[in-house]
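S.K.: Structure of the sequence below:
(one chain, ligands or ions: 1)
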Amino acid sequence: MASSPLNIGLVGFGTVGSGVARILNESAELIAARAGQPVQIRHIVIRDPGRARDHLPAGVTPSDSIDGILADSETSLVVQLIGGTDTAYDYIQKFLAAGKDIVTANKALLYEYGVDLFRQAAADGRTIGFEAAVAGGIPIINVVNQALTGNRINALEAILNGTSNFILTEMLDRQQSYENALAQAQELGYAEADPAMDVDGTDAAQKLAILTWLAFGTEVSLTDCVQRGIDNLQLTDLQVAGELGYKIKLLATARVNEDRLELSVQPTLLRVDRTIAQIDGPDNIIAVYGDFVGKTTYSGAGAGQLPTASAVVADILDYATGRAAATFPSILRSTAGPSLQVQPPEELSRRYYLRLTVEDRPHVLADITDVLGRHEISISLVRQDETPEENDDGLASLVIMTHRTTEGKLRAADMELNQLPAVHGACIRLPVAD
Ligand SMILES: NC(=O)c1ccc[n+]([C@@H]2O[C@H](COP(=O)([O-])OP(=O)(O)OC[C@H]3O[C@@H](n4cnc5c(N)ncnc54)[C@H](OP(=O)(O)O)[C@@H]3O)[C@@H](O)[C@H]2O)c1
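M.R.: Predicted coordinates:
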């Protein structure tokens, strides 16, 4: 006798939602074999049911209300693929209260409300699958929650925002400005119309916060993290870094440092020969350092319709096979231990790259080194390229590499540097990952 199908309520039929419908349709037989039953979309909820859609499953009429899913006792799994936090949270609470299990890709929601939602789901005997919420198609949630649980994780180092990585790659490869590379990213669909949360580091910091909770059992907020985006970088920074043997990446780091957790999302100089420096375009990478396994690295498509939908479909299969019911409760057990204290952002210690636009006249360098010296910041390299006479506008670009110092000392020095009459514009300050 054929098994009865697994019925899904799909909330959101945009990039990822329609990708899920496509995979469920194109791989229906394979998925049915792996699930042990046919998997079918029974409801679709969107904002605008009047708009024509590709990949709509036959026989399903989209609605703008979740009531049909809530009332349908034969739909046990809701795959929620809408963005934002407020409505998304409200919907998931209603679905959990109605006894539905959940799969979602919404990292902003999980950053804001994840721990509450997980507790609510576990208390009700329900599950939440969220593999697609961090690093799209890369199964990093599975790695941290299951594959590496024999280890204490010491550090995560990652590129978690494909849009920023694409822009940095385009800038360097095509020798173009940040603005042009951003426009190119938007044209190719790698950046949203409003890319603010991608380029200012928020998206990467939210994903890092989710991984930090799972890996270290410590709930953190964005204010615990030194966060800077790529939006102030200029091509010249990428070029100069290259000449010094580095690539600049938006690097997300969570590391246990003398029993405290340091958190940072910043454009960072990485030696060109490091694997992480070689991840280009929209791809993501995560290096996980475990106490017994050592360093393991995962890379691939961190976003995009089908890579993200592939992770969502894996969560659907985990639900269908009962794996989710077995593994979801263990997330709360694994994260239940004592939290780590978060290191205050100003104590973050790194070597730094500084670039200042300065008046090209005597004593300027002395004034700058005096400020740095008073803040106990020691210099390892100073570089000022010669300005050809025909281009001489009286300004010079000064690059300084420091020895290891703290974010706090640099912030204080930066404020003083910006007040020097000879310094024009903001100082660019980027850490170096050793
Ligand atoms: N795109 C990616 O590569 C990617 C990767 C990883 C994670 N994610 C996450 O996945 C989620 C979905 O992303 P997406 O790129 O697929 O977004 P999207 O293309 O903007 O699609 C969003 C869908 O949700 C629907 N929707 C929005 N608000 C709704 C509401 N209040 N009620 C009902 N439906 C609503 C929209 O309806 P209409 O179609 O009628 O507007 C649309 O179908 C987000 O949380 C995102 O962060 C995306």
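
S.K.: tell me the contacts of the residue of the stretch 201-350 of the chain found nearest the ligand?
M.R.: The ligand sits closest to A303 of the stretch 201-350 of the chain, with a gap of 3.4 Å, by Cβ to the nearest ligand atom. No exception for glycine: its C-beta is placed from N, CA and C like everyone else's. Listed by Cβ atoms under 8 Å, 6 or more residues apart in numbering, the contact partners of A303 are 136, 162-163, 190, 282, 284.

S.K.: what's the answer for R152, then?
M.R.: With Cβ under 8 Å, 6+ apart, R152 has these contacts: 290-291.

S.K.: And for A326, the neighbour number?
M.R.: Counted with other Cβ atoms under 10 Å, residues neighbouring A326 total 11.

S.K.: where's it, which helix or strand?
M.R.: Of the helices and strands defined by DSSP states H and E, A326 is found in helix 323-334.

S.K.: Quick one: name the residues of this structure near the ligand.
M.R.: The chain has residues 11-17, 45-48, 81-83, 87, 105-107, 132, 136, 303-304, 308 near the ligand, with proximity defined as Cβ under 6 Å from any ligand atom.

S.K.: among the residues you listed, which ones are buried?
M.R.: 11-13, 15-17, 45-46, 81-83, 105-107, 132, 136, 303-304, 308 (16 or more other Cβ atoms under 10 Å).

S.K.: what residues does the helix or strand where I41 lies touch?
M.R.: Using DSSP H and E, I41 falls within strand 39-45. Here strand 39-45 makes contact (Cβ under 8 Å, 6+ apart) with 5-13, 17, 21, 24, 28, 31-32, 56-57, 60-66, 68-69, 72, 74-75, 316, 320.

S.K.: and with 6 Å instead?
M.R.: Strand 39-45 has contacts (Cβ atoms under 6 Å, 6 or more residues apart in numbering) with 5-11, 13, 21, 24, 31, 57, 60, 62-63, 66, 68-69, 75.

S.K.: Which of those residues fall in strands?
M.R.: Taking DSSP state E, the ones among those that sit in strands are 6-11, 75.

S.K.: With pLDDT added, can I get the contacts of A303 in JSON lines?
M.R.: Formatted as JSON lines, the contacts of A303 follow (pLDDT from 0 to 100):
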{"residue": "G136", "pLDDT": "94"}
{"residue": "G162", "pLDDT": "95"}
{"residue": "T163", "pLDDT": "95"}
{"residue": "Y190", "pLDDT": "85"}
{"residue": "P282", "pLDDT": "94"}
{"residue": "N284", "pLDDT": "98"}
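
S.K.: Out of these, name the ones that lie in helices.
M.R.: Counted as lying in helices by DSSP state H, out of those, are 162-163.

S.K.: Which part of the chain gets nearest to the ligand, residue-wise?
M.R.: Here the chain gets closest to the ligand at one residue, G14, 1.8 Å apart by Cβ to the nearest ligand atom.

S.K.: Among the contacts of strand 39-45, name the buried ones.
M.R.: For those, buried by 16+ other Cβ under 10 Å: 6-11, 13, 21, 24, 31, 57, 62, 66, 69, 75.

S.K.: in whichever helix or strand A366 is part of, what's buried?
M.R.: Taking DSSP H and E as the definition, A366 sits inside helix 364-374. Neighbour-count burial for helix 364-374 flags 364-365, 368, 371-372 (criterion: 16+ other Cβ under 10 Å).

S.K.: in the stretch 201-350 of the chain, which spans are strands?
M.R.: 226-227, 246-257, 260-271, 283-290, 294-301, 341-342, 349-359 (DSSP state E, counting those that start in this stretch).

S.K.: which residues sit in contact with A412?
M.R.: H375.

S.K.: do G290 as well
M.R.: G290 touches 148, 151, 153, counting by Cβ under 6 Å, 6+ apart.

S.K.: Please report how far the first one lies from K295.
M.R.: Spelled out, it's L148. 11 Å (Cβ to Cβ, to the nearest Å).

S.K.: out of the two, which sits in the busier spot?
M.R.: Between L148 and K295, counting by other Cβ under 10 Å, L148 is the more crowded of the two (18 against 12).

S.K.: Who are the contact partners of that one?
M.R.: G290 are the contacts of L148 under Cβ under 6 Å, 6+ apart.

S.K.: What score does it have for pLDDT?
M.R.: Note for L148: predicted pLDDT of 97.

S.K.: Tell me how far it lies from V288.
M.R.: In terms of Cβ to Cβ, L148 sits 6 Å off from V288.

S.K.: the helices in the stretch 101-250 of the chain, which residues?
M.R.: 107-123, 140-142, 162-174, 178-187, 196-199, 202-216, 235-243 (DSSP state H, counting those that start in this stretch).

S.K.: Check which helices and strands the fifth one is in contact with.
M.R.: For helix 196-199, the packing partners by 3 or more Cβ pairs under 6 Å, 6 or more residues apart in numbering; DSSP states H and E come out as helix 162-174.

S.K.: elements contacting the helix it packs on?
M.R.: Using 3+ Cβ pairs under 6 Å, 6+ apart, helix 162-174 sits against helix 178-187, helix 196-199, helix 235-243.

S.K.: Any chance of JSON lines for those helices, columns distance to A121 and mean pLDDT?
M.R.: Formatted as JSON lines, the helices and strands packed on helix 162-174 follow (distance: least, Cβ to Cβ, whole Å; pLDDT from 0 to 100):
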{"stretch": "helix 178-187", "distance to A121": "35", "mean pLDDT": "94"}
{"stretch": "helix 196-199", "distance to A121": "26", "mean pLDDT": "96"}
{"stretch": "helix 235-243", "distance to A121": "44", "mean pLDDT": "96"}
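
S.K.: so of these, which one's packed in deepest?
M.R.: helix 196-199 (a mean of 19; mean count of other Cβ atoms under 10 Å).

S.K.: contact partners of that helix?
M.R.: 161, 163-164, 203, 229-231.

S.K.: Adding distance to W213 and neighbour count, write the residues you listed out as JSON lines.
M.R.: As requested, the contacts of helix 196-199 are arranged in JSON lines below (distance: Cβ to Cβ, whole Å; neighbours: other Cβ atoms under 10 Å):
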{"residue": "N161", "distance to W213": "19", "neighbour count": "32"}
{"residue": "T163", "distance to W213": "23", "neighbour count": "24"}
{"residue": "S164", "distance to W213": "22", "neighbour count": "30"}
{"residue": "D203", "distance to W213": "16", "neighbour count": "27"}
{"residue": "G229", "distance to W213": "22", "neighbour count": "23"}
{"residue": "I230", "distance to W213": "25", "neighbour count": "27"}
{"residue": "D231", "distance to W213": "27", "neighbour count": "17"}
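
S.K.: count of neighbours near L56?
M.R.: When neighbours are counted by other Cβ under 10 Å, L56 comes out with 16.
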